[in-house]
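> structure for this input, please:
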Amino acid sequence: MSAATGTVSKLFSSSSFPFSFPFPLSPKKTSLSLLSSHNPPISLLSSLSFPKLTPLKSSANATQHFEEEEVEEEEEEEEDIVSETEIDEYESEIDIEDLEKEAKFAVKELSTSLSRQLTIEDETDEKRESRKQKRKKATSKDIPDHLLPKVAIVGRPNVGKSALFNRLVGGNRAIVVDEPGVTRDRLYGRSFWGEHEFMVVDTGGVVTVSKSQANVMEDLAISTTIGMDGIPLASREAAVARMPSMIEKQATAAVEESSVIIFLVDGQAGLTAADVEIADWLRRNFSNKCIILAVNKCESPRKGIMQASEFWSLGFSPLPISAISGTGTGELLDLVCSRLGKVEGPENLNEEETYIPAIAIVGRPNVGKSSILNALVGEDRTIVSPISGTTRDAIDTEFVGPDGQKFLLIDTAGIRRRAAVASSGSVTEALSVNRAFRGIRRSDVVALVIEAMACITEQDYRIAERIEKEGKGCLIVVNKWDTIPNKNQQTATYYEQDVREKLRLLHWAPIVYSTAIAGHNVEKIIVAASTVEKERSRRLGTSILNQVVREALAFKPPPRTRGGKRGRVYYCTQAAIRPPTFVFFVNDSNLFPETYRRYMEKQLRSDAGFSGTPIRLLWRSRRKMEKDEVKGATRSQFSLTPGSGKLAAAT
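Numbers count the residues shown, from 1 in each chain. Presented below is the predicted three-dimensional model:
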């Protein structure tokens, strides 16, 4: 017996184990050389074998039974010592490079399986948008958003501004419903035409001051009852009265920062007094900018000329187009690009980091998501109102942190229960919820916002479940912390215990307490999100990983079955990041119950970190691998373990 084997025998002959094990390294290549090898061999402790248990016999044979038990214990100790010959035989049987390839394929299958389960209703539009993005990348330079010229689309409500926005940027970014007042905030999207690339800004409908309060509410489809429970009547009326001016403020900000303005009118409705007032407003305040009058809803080119003729009185040259069918949009883009200067990217663009993490701000309605976004960027980027459902589209905003790190902030609509959305009958709200789910999918880190004085509901748990299944990093933001009365040093501790108990799925997520409306502790959200993203992108060395696994196995071996079988871990590797995914190659995945898998995840977190990000453990059976190799297919199937959000190998 070699020196290394003798040392291991001494270690495992005792009945209790310490928390850390000083595994000695042998000069020879043994399974204990994991720490000094880039491609470590099979872990020794996971290769232990155990004899079957023998049932108890009659009381007359009790003495004989105990003697047999002592012999079995000695045999068990003998079998616990794995010789170097057995290790070498296993190493020659399965190549570690093949295991690494198998692990990567397992992660790919996992991603495909989860994508099929986590479907979103407008997935086809998302796929079409991805094709558009690929085409854009092939024909244009990757210039940062803030360096691109901007083109704003303005007009009165319900003339087709969002439909034109979707036509120019590709896909279905903005919500398009045949009702007024759907768009309220500024919505940005990249567009390209030929060699030109620019940002298109969708705005809310501009409502003129000549409108009465009743007509304004009708034009913007503002409700004073839905989602306004618990808000005094005076506050409701004040919020409704401020809404038109807040929408116009967003539209004005978009026009001021744009080089070209597309003034959109409705060719089927004809010239209205609101169109005249908006034209006068543009001439009076923005005569130094390029203003293009586009007459929408002119599907027929011949009739379009007649429909556009009456708009000559506005003082601009009308151009008939159709945002839905695309008629005339090519001429519109030619005209827009002729007024835009060609933008060159920075010389050191290749040296800049191309990956920009995205942070989605999600939660139930009226928890302060838009207030957090405005506090972070330092401006009124989105409309903040007590009216429930103010934010509809997912609003993307670039942000630079205090340390210079770039982020993409995604403000989403409030997510209500599916039954509540269905009972309201609002198509706009249903699409807004879909945009919120797509915002979670597009993000890297999700800031789940809850209100301090509100109880954590089942809907918060559903959102947390979605975040965990999507594999996104997460931090919990307790907003409106100033509303908690009589706070002391123990308040945050007790509150955190309550949050951890009700959101058990996110036990690994850090908690940040803030008051967004006053700007208190808002910067901690970015600091925590940056830390979570780094943990989510961290890759653990194979040698360190196998050391952690060995110590976890030694401290608590897998439980035996009634037949005396025990699970063995042959090899472990981290096959992916974002989220960190670990593949365990074992003798039989059915020998590792869910409780033991949770224990292994807990040990990985306590020894290796990964705070703020879900980690996935995939268990690959050796028996399944051998069976697939015989059949000529070395790919295993995976199934979702109920209630865990993790995939395990199905044997």
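
> what residues does stretch 474-490 touch?
Applying Cβ atoms under 8 Å, 6 or more residues apart in numbering, the contact partners of stretch 474-490 are 367-368, 371-372, 445-453, 464, 467-468, 491, 495, 499, 503, 506, 509-518, 520-521, 525, 528-529, 532, 612-614. C-beta: built from backbone N, CA, C; applies to glycine.

> hmm, which of those residues are the buried ones?
367-368, 371-372, 445-452, 464, 467-468, 495, 499, 503, 506, 509-517, 521, 525, 528-529, 532, 612-614 (16 or more other Cβ atoms under 10 Å).

> filter these down to the ones in helices?
Among those, the subset assigned to helices under DSSP state H consists of Ser371, Ile372, Ala464, Ile467, Glu468, Tyr495, Val499, Ile525, Ala528, Ala529, Val532.

> which residues touch the residue nearest to the second one when sequence neighbours are not counted?
If you skip the residues right next to it in sequence, Ile372 has Ala516 as its closest partner in space, 4.4 Å away by Cβ to Cβ, 6 or more residues apart in numbering. With contact taken as Cβ under 8 Å, 6+ apart, Ala516 is in contact with Gly368, Ser371, Ile372, Asn374, Ala375, Asn479, Lys480, Val522.

> which stretches of the protein have low pLDDT?
Across the chain, residues meeting the criterion (pLDDT under 70) sit at 1-94, 120-142, 173-185, 207-246, 342-354, 381-394, 421-429, 623-651.

> can you give me the helices in the stretch 501-650 of the chain?
Counting by DSSP state H, counting those that start in this stretch, the stretch 501-650 of the chain has helices at residues 523-536, 542-555, 594-608, 622-631.

> by contact count, what packs against the third one?
It stands for helix 594-608. Where contact means 3 or more Cβ pairs under 8 Å, 6 or more residues apart in numbering; DSSP states H and E, helix 594-608 is packed against helix 542-555, strand 616-621.

> cutoff 6 Å now
Here helix 594-608 touches helix 542-555, going by 3 or more Cβ pairs under 6 Å, 6 or more residues apart in numbering; DSSP states H and E.

> what comes up buried for the helix it packs on?
Thr542, Leu545, Asn546, Gln547, Val548, Val549, Arg550, Glu551, Ala552, Leu553, Ala554.

> ok, of the residues you listed, which one's closest to Thr252?
Nearest to Thr252 among the buried residues of helix 542-555, counting by Cβ to Cβ, is Leu545 at 55.1 Å.

> and that closest one, how close does it get to Lys469?
Remark: distance between Leu545 and Lys469 (Cβ to Cβ, to the nearest Å) = 24 Å.

> over to Ile544?
Going from Ile544 to Lys469 by Cβ to Cβ gives 28 Å.

> before we move on, the earlier item: which pair in the contacts of Ala516 has the greatest spatial separation?
Using Cβ to Cβ, the two most remote members of these are Asn374 and Lys480, lying 14.6 Å apart.

> now the helix or strand harbouring Glu97 - C-alpha only, PDB.
Using DSSP states H and E, Glu97 sits within helix 96-117. Extracted C-alpha coordinates of helix 96-117, given in PDB (Å, rounded to 0.1, in the frame of the first residue of the first chain):
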ATOM      1  CA  ILE A  96     -12.000  14.300 -18.500                       C
ATOM      2  CA  GLU A  97     -12.100  16.200 -21.800                       C
ATOM      3  CA  ASP A  98     -15.100  14.200 -22.700                       C
ATOM      4  CA  LEU A  99     -16.700  14.900 -19.400                       C
ATOM      5  CA  GLU A 100     -16.200  18.700 -19.900                       C
ATOM      6  CA  LYS A 101     -17.900  18.400 -23.400                       C
ATOM      7  CA  GLU A 102     -20.700  16.400 -21.900                       C
ATOM      8  CA  ALA A 103     -21.100  19.100 -19.200                       C
ATOM      9  CA  LYS A 104     -21.400  21.900 -21.700                       C
ATOM     10  CA  PHE A 105     -24.000  19.900 -23.700                       C
ATOM     11  CA  ALA A 106     -26.000  19.300 -20.500                       C
ATOM     12  CA  VAL A 107     -26.100  23.100 -19.900                       C
ATOM     13  CA  LYS A 108     -27.300  23.700 -23.400                       C
ATOM     14  CA  GLU A 109     -30.100  21.100 -22.900                       C
ATOM     15  CA  LEU A 110     -31.000  22.800 -19.600                       C
ATOM     16  CA  SER A 111     -31.300  26.200 -21.300                       C
ATOM     17  CA  THR A 112     -33.500  24.800 -24.100                       C
ATOM     18  CA  SER A 113     -35.700  23.000 -21.600                       C
ATOM     19  CA  LEU A 114     -36.200  26.100 -19.500                       C
ATOM     20  CA  SER A 115     -36.900  28.300 -22.500                       C
ATOM     21  CA  ARG A 116     -39.800  25.900 -23.500                       C
ATOM     22  CA  GLN A 117     -41.300  26.100 -20.000                       C
END
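
> got the angle between it and helix 542-555?
Orientation of helix 96-117 against helix 542-555 (axes from the mean of the first three to the mean of the last three Cα atoms, to 10 degrees) gives an angle of 80 degrees.

> return the list of helices and strands in contact with helix 96-117.
strand 569-576, strand 581-586.

> output the last one as PDB, nothing but the C-alphas.
Only the C-alpha atoms of strand 581-586 are listed here, as PDB (Å, rounded to 0.1, in the frame of the first residue of the first chain):
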ATOM      1  CA  THR A 581     -23.900  25.900 -13.400                       C
ATOM      2  CA  PHE A 582     -22.200  22.900 -12.000                       C
ATOM      3  CA  VAL A 583     -22.300  19.400 -13.400                       C
ATOM      4  CA  PHE A 584     -21.800  16.400 -11.100                       C
ATOM      5  CA  PHE A 585     -20.800  13.100 -12.700                       C
ATOM      6  CA  VAL A 586     -22.100  10.400 -10.300                       C
END
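
> neighbouring strands for that strand, and are they parallel or not?
Using DSSP bridges, strand 581-586 pairs in its sheet with strand 569-576 (antiparallel), strand 616-621 (parallel).

> could you dump those into a markdown table with mean neighbour count added?
Output for these, formatted as a markdown table (neighbours: other Cβ atoms under 10 Å):
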| stretch | mean neighbour count |
| --- | --- |
| strand 569-576 | 23 |
| strand 616-621 | 23 |
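
> what bridges to Phe399?
According to DSSP bridges, the partner residues bridging Phe399 are Phe407.

> what's around it, how many residues?
Neighbours of Phe399 under the rule other Cβ atoms under 10 Å: 17.

> isn't it up against Leu408?
No: judged on Cβ atoms under 6 Å, Phe399 makes no contact with Leu408 at a distance of 7.4 Å.

> distance between the ends of stretch 150-165?
Chord length of stretch 150-165, first to last residue, is 13 Å (Cα to Cα, to the nearest Å).

> I meant stretch 316-334, not that one.
Distance across stretch 316-334, first residue to last, is 17 Å (Cα to Cα).

> make 12 the first number, not 1, from now on.
Right, with 12 as the first residue, what we last looked at is stretch 327-345.

> need the residues that contact that stretch.
171, 174-175, 178, 204, 304-307, 309-310, 315, 319, 322 (Cβ atoms under 6 Å, 6 or more residues apart in numbering).

> can you do 8 Å?
With contact meaning Cβ under 8 Å, 6+ apart, stretch 327-345 is reached by 171, 174-175, 177-179, 204, 273-274, 276, 278, 290, 302-312, 315-316, 318-320, 322-323, 346.

> just those: which are in strands?
When DSSP state E is applied, those are split such that Trp204, Ile273, Phe274, Val276, Ile302, Ile303, Leu304, Ala305, Val306, Asn307 fall in strands.

> which one of those residues is nearest to Arg167?
Nearest to Arg167, judged by Cβ to Cβ, of those is Val276 at 7.8 Å.
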